[in-house]
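In: Need the 3D shape of this:
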Amino acid sequence: MGARNRPFYRIVVANSTSPRDGRFIETIGTYDPLTDPPNIIVKEERALYWLSVGAQPTDIARALLKKTGVLERFQQQKAQSKKKVEAGV
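Out: All right, here's what the predicted structure looks like:
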């Protein structure tokens, strides 16, 4: 998205078989690198949902999720659910 010399990106959930600029399932955020500091907006609940059902972020998407703290919250949730499963056994 954006215009010439004015980049603007959407963070989307897409099927791995879809083309890079093709069909996507859901937009979960945006990234504007031109603002100072860069503006990153992520729908945290939706991002956590897609990660929990097995979505694999690209390297750049992983870095953006890490900067916003979503990836850390996902790992905390994963560790808590693992503790609950171990306690229940």
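
In: How far off centre is stretch 77-89?
Out: Relative to the chain's own centre, stretch 77-89 is displaced by 24 Å; criterion: Cα atoms, centre = their mean, to the nearest Å.

In: where in the chain is pLDDT low?
Out: Residues of the chain meeting the criterion pLDDT under 70: 89.

In: Select the longest helix from it.
Out: helix 70-88 (DSSP state H).

In: Enumerate the positions of it that are buried.
Out: 70, 71, 74 (16 or more other Cβ atoms under 10 Å). Every C-beta, even on glycine, is put in place using the N, C-alpha and C of the backbone.

In: contacts for it?
Out: 42, 44, 47, 48, 51, 52, 62, 65, 66 (Cβ atoms under 8 Å, 6 or more residues apart in numbering).

In: what separates it from the chain centre, distance-wise?
Out: For helix 70-88, the distance to the chain centre is 18 Å (Cα atoms, centre = their mean).

In: ok, the contacts of helix 70-88 vs residue 32, which is closest?
Out: residue 42 (12.5 Å; Cβ to Cβ).

In: element containing the nearest residue in space to that closest one that is not next to it in sequence?
Out: Spatially, and ignoring its direct neighbours in sequence, residue 42 is nearest to residue 29 (3.8 Å; Cβ to Cβ, 6 or more residues apart in numbering). Per DSSP states H and E, residue 29 falls inside strand 26-32.

In: Now for residue 68: which residues touch it?
Out: By Cβ under 8 Å, 6+ apart, the residues touching residue 68 are 40, 42, 44.

In: From residue 24, how far out is residue 13?
Out: Distance of residue 13 to residue 24, given as Cβ to Cβ, to the nearest Å: 6 Å.

In: out of these two, which sits in the busier spot?
Out: Between residue 13 and residue 24, counting by other Cβ atoms under 10 Å, residue 13 is the more crowded of the two (18 against 14).

In: quick one: the more buried one and residue 3, what's the gap?
Out: Here residue 13 is placed at a distance of 25 Å from residue 3 (Cβ to Cβ).

In: Thank you kindly, that will do.
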